[in-house]
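Asker: model this:
(chains A and B)
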Protein chains: 2
Amino acid sequence: MPSAHLQTYAQRAEKHANPAAKALLETIERKSSNLCVSVDVTKKADFLRIIDIVGPYVCLVKTHVDIIEDFDSSLIDRLKELSAKHDFLIFEDRKFADIGNTVALQYSSGVHKIASWSHITNAHPVPGPGIVTGLASVGTPLGRGLLLLAEMSTKGNLATGTYTADAVRMARAHRDFVIGFIAMHRMDGIGAQAGEAVEDEDFLILTPGVGLDVKGDSMGQQYRTPREVVLESGCDVIIVGRGIYGKGSDAEVREQAERYRREGWVAYEGRVSPRS
Amino acid sequence: MPSAHLQTYAQRAEKHANPAAKALLETIERKSSNLCVSVDVTKKADFLRIIDIVGPYVCLVKTHVDIIEDFDSSLIDRLKELSAKHDFLIFEDRKFADIGNTVALQYSSGVHKIASWSHITNAHPVPGPGIVTGLASVGTPLGRGLLLLAEMSTKGNLATGTYTADAVRMARAHRDFVIGFIAMHRMDGIGAQAGEAVEDEDFLILTPGVGLDVKGDSMGQQYRTPREVVLESGCDVIIVGRGIYGKGSDAEVREQAERYRREGWVAYEGRVSPRS
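Answerer: Numbering: from 1, shown residues only, chains lettered A, B, ... in the order given. Predicted structure coming up:
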């Protein structure tokens, strides 16, 4: 059996036990899109407008609902409608990073009630395994999936070396709930003990810091192309933010979404097609 | 000049340039309290009731406003009134952990508008220096202070060794805004280059995982006593949560707050009094 990233998304969907991971892989295959758009705007109207435009081109919409000033429960109702209309999943990029007891409350409660509507969320491994236990106590009964931040795209970040290996080990100990990583590369076998069976593991790799036109911002973000991320580094989903929605008119936003979808898909086809 | 933690809080307050750090040190001295209460409840009424009870005994109230289900702007108005009535500062324990551009929005915007009312907040160093730059762009003009999480109190956490040293270096590069650490020990001189002048630095150490009656919870939290934390490890503020407000009647909550205040203060007096 070839390693996960050399199989098609459809083949991987068939085998994945976690409902959120399976749904994401099926959506990617159905829409020929491994594009996730990150919608980082502070007004409800802008948020919904952008998602309605890019919806047809994406498998996943990444949100930061905690930056939306006029957030209310109607926003979530509308987001769920758009998710059904355009056939995409929702990923609240909360980057949970607290002790288990606290993240369980942050995930389930508060104004945002993330667990009730976000198919996928993410967490930093830095607090130790208790963060996964805490989130799983809320998310597993709902069929949700968790990504651990094994690497980051920013300059001078500390998610490297043994930190990354510890993150992968933490995921491996909770494979029913941890479906993959925010990372820059594949994590297959990283941190495995001698003799540990890891050949059949299939962790999804979702990768931020993807851009076609710029190399970075003034606050340390660094960008790579879809080809570098998907074909060369073997990642599964490209996350693009300001590169798509920062472009002005609705027509331009639509055009950029389709451009990134196409670039990501071509890179994937090059990866899974038989090599000569 | 003795190292910071052997000076009195009053001596340190005189020299601190950051307005939030100075105000916290002055409050500690004025109230003879190095106790911070962490109020992790999900209802507005409980939140305000507990704070009104413990207010006289604390220098700082630590909040997780994102777990409060009936949060609205009136809660913040009421919290600010209690802060004035009982003379304490506010610390939203947000544990920011994203790229600079995103944390600047999370800190300033959204439903919670943390920067507008929280004197102190905190962040994980894992995204690299951009997280400090991003938060400082919002917090510095408001006179706010930032704590970096250099260590954690949970079992199996990854904030150790070079990670901790990198956190301290990141703080040292932004001493106007980073006022100290969430940590289990003093960080004086950690990660310093040979020849770097660090003798006069005064980073506040705020320490979670403090308890007098239990040793841990089921999700990896581990506890130490005020004496271990303040006298033996040289930390400046003890953070206590369920150990105080989880006790039942208002009278018992008040009694526990006074008990922890007294234990924390006795430990501090033992630390700064001349040794025989």
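
Asker: Quick one: low-confidence residue ranges for the stretch 1-150 of chain A.
Answerer: By pLDDT under 70, the low-scoring segments of the stretch 1-150 of chain A are A:1.

Asker: residues from it in reach of chain B?
Answerer: Within the stretch 1-150 of chain A, the positions adjacent to chain B are A:40, A:42, A:64-69, A:71, A:93, A:95, A:97-102, A:104-106, A:109-112, A:124-131, A:133-134, A:149 by Cβ under 8 Å from any Cβ of the partner chain. C-betas here are computed from N, CA, C, even on glycine.

Asker: Quick check: nearest residue in space to residue A:98, chain neighbours excluded?
Answerer: residue B:95 (5.4 Å; Cβ to Cβ, 6 or more residues apart in numbering or on different chains).

Asker: ditto for residue A:50
Answerer: residue A:245 (4.8 Å).

Asker: related to what we said a few turns ago, settle this for me: the residue nearest to residue A:98 is touching residue B:149, isn't it.
Answerer: Yes: Residue B:95 lies in contact with residue B:149 (Cβ atoms under 8 Å); the separation is 6.7 Å.

Asker: Who are the packing partners of the biggest strand by length in chain A?
Answerer: As assigned by DSSP state E, the longest strand anywhere in chain A is strand A:89-96. Counting contacts by 3 or more Cβ pairs under 8 Å, 6 or more residues apart in numbering or on different chains; DSSP states H and E, strand A:89-96 packs against helix A:19-31, strand A:60-63, helix A:73-86, helix A:100-108, strand A:120-123.

Asker: how about JSON lines for these, with distance to residue B:207 and mean neighbour count added?
Answerer: Shown next, in JSON lines, are the helices and strands packed on strand A:89-96 (distance: least, Cβ to Cβ, whole Å; neighbours: other Cβ atoms under 10 Å in any protein chain shown):
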{"stretch": "helix A:19-31", "distance to residue B:207": "37", "mean neighbour count": "21"}
{"stretch": "strand A:60-63", "distance to residue B:207": "34", "mean neighbour count": "24"}
{"stretch": "helix A:73-86", "distance to residue B:207": "37", "mean neighbour count": "14"}
{"stretch": "helix A:100-108", "distance to residue B:207": "16", "mean neighbour count": "24"}
{"stretch": "strand A:120-123", "distance to residue B:207": "23", "mean neighbour count": "26"}
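
Asker: can I get the ones you listed in CSV with distance to residue B:24?
Answerer: Formatted as CSV, the entries for those read as follows, by distance: least, Cβ to Cβ, whole Å:
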stretch, distance to residue B:24
helix A:19-31, 42
strand A:60-63, 34
helix A:73-86, 36
helix A:100-108, 22
strand A:120-123, 30
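
Asker: Helix, strand or coil: sort out residue A:188 for me.
Answerer: coil (DSSP: H, G, I helix; E, B strand; the rest coil).

Asker: what does residue A:194 give?
Answerer: coil.

Asker: Neighbours of it, how many?
Answerer: 4 (other Cβ atoms under 10 Å in any protein chain shown).

Asker: what's the distance between it and residue B:147?
Answerer: In this view, residue A:194 and residue B:147 are 40 Å apart by Cβ to Cβ, to the nearest Å.

Asker: List buried residues within the residues of the stretch 1-150 of chain A next to chain B.
Answerer: A:40, A:42, A:64-68, A:71, A:93, A:95, A:97-102, A:104-106, A:109-112, A:124-131, A:133-134, A:149 (16 or more other Cβ atoms under 10 Å in any protein chain shown).

Asker: still on that earlier bit, ok, residues contacting the longest strand of chain A?
Answerer: A:20, A:23-24, A:27, A:36, A:38, A:59-66, A:79-80, A:83, A:103, A:106-107, A:112, A:114, A:117-124, A:131, A:135, A:147, A:149, A:206, B:97-98 (Cβ atoms under 8 Å, 6 or more residues apart in numbering or on different chains).

Asker: again with stretch A:186-193
Answerer: Against stretch A:186-193 from outside (Cβ under 8 Å, 6+ apart): A:3-5, A:150, A:164-169, A:171-172, A:181, A:198, A:201, A:203, A:205, A:233-235.

Asker: so how far is the helix ranked longest in chain A off the chain centroid?
Answerer: Of all segments of type helix in chain A, defined using DSSP state H, the longest is helix A:250-272. Centre-to-centre, helix A:250-272 and its host chain are 16 Å apart (Cα atoms, centre = their mean, to the nearest Å).

Asker: same thing with stretch A:7-21?
Answerer: 15 Å.

Asker: re earlier: tell me, what's touching residue B:95 and residue B:149 both at once?
Answerer: B:122, B:123, B:124.

Asker: out of everything not next to it in sequence, what's closest to the last one?
Answerer: The one in question is residue B:124. residue B:97 (4.2 Å).

Asker: distance of that neighbour from residue B:121?
Answerer: On the measure of Cβ to Cβ, residue B:97 and residue B:121 end up 12 Å apart.
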